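> Pasting a predicted model and its sequence here:
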Amino acid sequence: MPRFPALYAIAVLIGTLFTSVNAQAHSLHVFAMGNGDVIDGYAYFGGGARPQDAEIQLFDNTGRVVFAGKTDDQGEFKLRVTHRQDYVIEANSGDGHIASFKINGDELSDQLPSGSEDINIDVSQIDTESSFQSGKTHPSSTTIATATSDGMITLSRDELDSLIDAAVSRHVRPLREQLVAYEDKVRFSDLLGGIGVIVGIFGAFAWFQAVKSHPRQQNKNP
């Protein structure tokens, strides 16, 4: 039995919090965003590193797995979907770390048909190194862009909507990434703050014990 049970309990608590901080620093996270008919994102650890060839799964709004694959060597992935609905992307680094992220259907093109439980959703993986990016699923029945006699370019409504969606996504994505990173940082800071409080309590208790035992030592001396 420890001489000072309270000190022992505090030491155990500090050790537990340090373990939690270490786990948070190595925890797996995943970020994704919809753009047109494409869902792209990446997996990353709390320290900033990205796992290579991490397993990923895409779930539809009923919890059904509609795609299974892997990230590239940069921890990134890009998936093309055929229906507009909420999805959940899950990443597994293979060492016990699993993370998930929800993609709202509103982020995808409104030209996509809505998904339902009895509809087969096709998902294909796009090479992340390719410069090709799709902003729409179905081509317009009319010419997408034509050059008029005066040199001006005309766009169909569908193409214009796709360009607007892509522009909005390009500006919103960095903000969302910063928000997610900030939330991760706040959780990490909360753990560090908890350790600081416990260490402070530990120091105050140790000081109190030292002051309390000092008069006894003086009484023993003639």
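Ah, there it is.
> got any ranges where the chain has weak pLDDT?
The model of the chain has pLDDT under 70 over residues 1-26, 117, 130-152, 155-199, 202, 205, 209, 214-222.
> can you give me the strands in it?
28-35, 38-45, 55-59, 65-70, 76-81, 87-92, 98-103, 123-125, 145-147, 153-155 (DSSP state E).
> how about those, which one is nearest Trp207?
strand 38-45 (38.9 Å; C-beta to C-beta). (Glycine included, C-beta is placed from N, CA and C.)
> From the contact counts, what lies against that closest one?
strand 28-35, strand 76-81, strand 87-92, strand 98-103 (3 or more C-beta pairs under 8 Å, 6 or more residues apart in numbering; DSSP states H and E).
> Make TSV out of the strands of the chain and add distance to Ser213.
Below are the strands of the chain laid out as TSV (distance: least, C-beta to C-beta, whole Å):
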stretch	distance to Ser213
strand 28-35	48
strand 38-45	46
strand 55-59	57
strand 65-70	61
strand 76-81	60
strand 87-92	53
strand 98-103	50
strand 123-125	68
strand 145-147	86
strand 153-155	83
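> among these, which is nearest Ser116?
strand 65-70 (12.6 Å).
> Can you check what angle separates the closest one from strand 38-45?
50 degrees (axes from the mean of the first three to the mean of the last three C-alpha atoms, to 10 degrees).
> who does strand 65-70 touch, helix- and strand-wise?
strand 55-59, strand 76-81, strand 123-125.
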